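Student: Prediction below, plus the sequence it came from.
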Amino acid sequence: MKPVTIAIIGAGKRGEAYAAYAKRHPEELRVVAVAEPRALLRKRMADEHCIPPDACFESYEDLACHGKLADMVAICTQDRLHLAPVEALAPKGYAILLEKPLSPDPEECERIVECVKRHGCLFAVCHVLLYTDLTRELHSLLRKGAIGEIVSVQHLEPVGWWHQAHSFVRGNWRNEEESSFMLLAKSCHDIDWLRHIVGRPCRRVSSFGSLRHFKRSEKPAGASDRCWTCPDEVESGCPYSAKRIYHGNFGRDKVADYLNDIITEGVGTWEAVEAALKSGPYGRCVYECDNDVVDHQTVMLEYEGPVTATFTMTAFTPSMHRTARIFGTRGFIETDFVRIKVYDFLTEKEEVFDTRVASGASTAASGHGGGDYHLMKAFVSAVATGDASGLWSGPDATLESHRTVFAAEESRKSGKVVDLPLGAKVLDRRLHANTGRQDAGAAATVLH
Ligand SMILES: NC(=O)c1ccc[n+]([C@@H]2O[C@H](COP(=O)([O-])OP(=O)(O)OC[C@H]3O[C@@H](n4cnc5c(N)ncnc54)[C@H](O)[C@@H]3O)[C@@H](O)[C@H]2O)c1
């Protein structure tokens, strides 16, 4: 079979991650076009995948001026630039893999789903958490009744102190107006994961959370506005010091390389890191940024059943995996997103499933616990065969969990419990009138 061809829209970090699948599996996928305004990143992608100059574009608009150049596109532009490329590329007949979130604007979310359905596009959102070995194993155990009926779930997303500082205080997702609110930017994965695990529609939510720490009033006495010029006695006592996170870790490991590549926009040298810290956004004191997204948030959810769930996202953790506990009528599951411990009330025995895969293709350390890899595998296979039953993040499932995220944020802001709007059901029916087959699997999950 001929490899599926892909055009990468936005050759930043996520575009790079998905294109990497083609390097690993050239027999399955080939990158044949790129649209990226940053020349260095565009050239890097073109060199890496031998893309001819006439298939390298400065923007998705330029690419969309041509006929269909590939079987599929991966749209990996920033959060507020998702609707426009979808509306430009769907009519061309591309299968569309879209980065999360659909959009920070609820109306745009509905428009994206309506657009891909109208044009009959194969479509999935990059909710990579659904595609990990861990989730697959856990989902299968639950559906086999390993703990009876699910009664409640407790889920933690430990963002981690340096990740919060990098992405949500100094970086791209720090400011709601420029990108998204925190629950959408970081935790739409988790609310979507809960939907998948619980397997029932969410009916109401409440939420609390705030920006507790990364603000001017918390700034240590004597600190300056940039870590580079901060007095040694203050800087050396600050866990969030940019000198420590970027410069201090230069060349130490893959994570440090990844972060330094971002702050230097692909240059990645010691000198470029120093320059970025002296004058770029990532050198700012974490207490002196234009950030406004929360650093801790909890959500309570009630699903049909009734099943209840609590979710906590917090910046204030070490770098670690998510954790969850699932309470059932006949047993209890605890997972650190690597192992799954299943305790059976009848036998009073515990069984442990270790989902690490020795091949390295999908270890927890590689690309979202293997989620990036398995998402690409599932999407590429769906494009090649026309069988989309392996896709768990089709338009309807994703829209449903995005609605829950918007409702939770409304609750956080209003202080009220928010029912999931009855109106949404009506809208669903209209949107579902044209349902593509890729949501068949997801819909089955939601309904049983
Ligand atoms: N699925 C996940 O787990 C996950 C993880 C991180 C980020 N994301 C999401 O992925 C998206 C991209 O994140 P990223 O970290 O790769 O960001 P990034 O800034 O590294 O990449 C975005 C790229 O889009 C390019 N771009 C801007 N305008 C463009 C245009 N008109 N045409 C083509 N390209 C254009 C930018 O130059 C940039 O290189 C965001 O929506 C983000 O929320 C998802």
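Tutor: On my side now, so go ahead. Numbers count the residues shown, from 1 in each chain.
Student: check contacts around the nearest residue to residue 248 once chain neighbours are set aside.
Tutor: Nearest non-adjacent residue to residue 248, counting by Cβ to Cβ, 6 or more residues apart in numbering: residue 241, 7.8 Å away. All C-beta atoms are positioned from the backbone trio N, CA, C, and that covers glycine. With contact set as Cβ atoms under 8 Å, 6 or more residues apart in numbering, residue 241 has these partners: 227, 230, 235, 248.
Student: what's near enough to touch the first one?
Tutor: Taking Cβ under 8 Å, 6+ apart as the contact definition, residue 227 lies against 235, 238, 241-244, 277, 283-285.
Student: if I look at the residue nearest to residue 248, how far off is the ligand?
Tutor: Spatial separation of residue 241 from the ligand under the definition Cβ to the nearest ligand atom, to the nearest Å is 23 Å.
Student: Buried by neighbour count: which residues of the host helix or strand of residue 380 qualify?
Tutor: If you go by DSSP states H and E, residue 380 is part of helix 371-385. Within helix 371-385, the residues scored as buried using 16 or more other Cβ atoms under 10 Å are 371-384.
Student: and what of stretch 405-420?
Tutor: Of the residues in stretch 405-420, 405-409, 411-412, 418, 420 count as buried by neighbour count, 16+ other Cβ under 10 Å.
Student: Ok, stretch 218-229 next?
Tutor: Of the residues in stretch 218-229, those scored as buried under the neighbour-count criterion (16+ other Cβ under 10 Å) are 219, 223, 226-228.
Student: what does stretch 255-270 give?
Tutor: The neighbour-count criterion (16+ other Cβ under 10 Å) identifies 256, 259-264, 266, 268 as the buried residues of stretch 255-270.
Student: How about stretch 238-258?
Tutor: For stretch 238-258, the neighbour count (16+ other Cβ under 10 Å) marks 238, 240-243, 245-247, 249, 256 as buried.
Student: Distance to residue 401, secondary structure and pLDDT added to those residues, as JSON lines?
Tutor: Shown next, in JSON lines, are those (distance: Cβ to Cβ, whole Å; DSSP: H, G, I helix; E, B strand; the rest coil; pLDDT from 0 to 100):
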{"residue": "238", "distance to residue 401": "36", "secondary structure": "coil", "pLDDT": "97"}
{"residue": "240", "distance to residue 401": "31", "secondary structure": "coil", "pLDDT": "97"}
{"residue": "241", "distance to residue 401": "36", "secondary structure": "coil", "pLDDT": "97"}
{"residue": "242", "distance to residue 401": "34", "secondary structure": "helix", "pLDDT": "96"}
{"residue": "243", "distance to residue 401": "39", "secondary structure": "helix", "pLDDT": "95"}
{"residue": "245", "distance to residue 401": "32", "secondary structure": "helix", "pLDDT": "93"}
{"residue": "246", "distance to residue 401": "34", "secondary structure": "helix", "pLDDT": "94"}
{"residue": "247", "distance to residue 401": "39", "secondary structure": "helix", "pLDDT": "86"}
{"residue": "249", "distance to residue 401": "35", "secondary structure": "coil", "pLDDT": "83"}
{"residue": "256", "distance to residue 401": "33", "secondary structure": "helix", "pLDDT": "90"}
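Student: Please produce CSV containing those residues, extended by distance to residue 171.
Tutor: Rendered in CSV, the data for these read as follows (distance: Cβ to Cβ, whole Å):
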residue, distance to residue 171
238, 17
240, 13
241, 15
242, 11
243, 16
245, 11
246, 12
247, 16
249, 16
256, 15
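Student: which SSE is the residue in the stretch 301-448 of the chain that the ligand sits nearest to in?
Tutor: When Cβ to the nearest ligand atom is the measure, the stretch 301-448 of the chain has its nearest residue to the ligand at residue 368, with 5.5 Å between them. According to DSSP H and E, residue 368 maps onto no helix or strand at all.
Student: Need the pLDDT of the residue of the chain found nearest the ligand.
Tutor: Evaluated by Cβ to the nearest ligand atom, the chain has residue 12 as its residue closest to the ligand, separated by 1.9 Å. On pLDDT, residue 12 comes in at 97.
Student: Next: the one 5 residues further on.
Tutor: For residue 17, the pLDDT comes out at 95.
Student: My reading is that it lies in a helix. Confirm?
Tutor: Yes - Residue 17 sits within a helix when classified using DSSP: H, G, I helix; E, B strand; the rest coil.
Student: Any idea how many residues pack against it?
Tutor: Other residues near residue 17 number 19, with proximity taken as other Cβ atoms under 10 Å.
Student: Quick one: end-to-end distance for stretch 249-259.
Tutor: With Cα to Cα, to the nearest Å as the measure, the ends of stretch 249-259 fall 10 Å from one another.
Student: Oops, could you answer that again for stretch 305-323 instead?
Tutor: The separation between the terminal residues of stretch 305-323, taken as Cα to Cα, is 23 Å.
Student: Just the buried positions in it, please.
Tutor: Taking 16+ other Cβ under 10 Å as the criterion, stretch 305-323 shows 307-309, 311-315, 317, 322-323 as buried.
Student: related to what we said a few turns ago, quick one: contacts for the residue of the chain closest to the ligand?
Tutor: Counting by Cβ under 8 Å, 6+ apart, residue 12 makes contact with 36, 38, 41, 76.
Student: Could you work out the most separated pair of those?
Tutor: 38 and 76 (12.6 Å; Cβ to Cβ).
Student: quick one: which of the two has more around it?
Tutor: Counted by other Cβ under 10 Å, residue 38 and residue 76 do not tie: residue 76 has more neighbours, with 26 against 14.
Student: quick one, what contacts that one?
Tutor: Applying Cβ under 8 Å, 6+ apart, we find residue 76 in contact with 8-12, 14-15, 18, 99.
Student: farthest pair in those residues?
Tutor: Checking the contacts of residue 76 against each other with Cβ to Cβ, the farthest-apart pair comes out as 11 and 99, at 12.6 Å.
Student: Comparing the two, which residue is more hemmed in?
Tutor: Set side by side, residue 11 and residue 99 give different neighbour counts by other Cβ under 10 Å, the larger being at residue 11 (28 against 23).
Student: Checking my notes, that one in a helix, right?
Tutor: No - under three-state DSSP, residue 11 falls outside any helix and is assigned coil.
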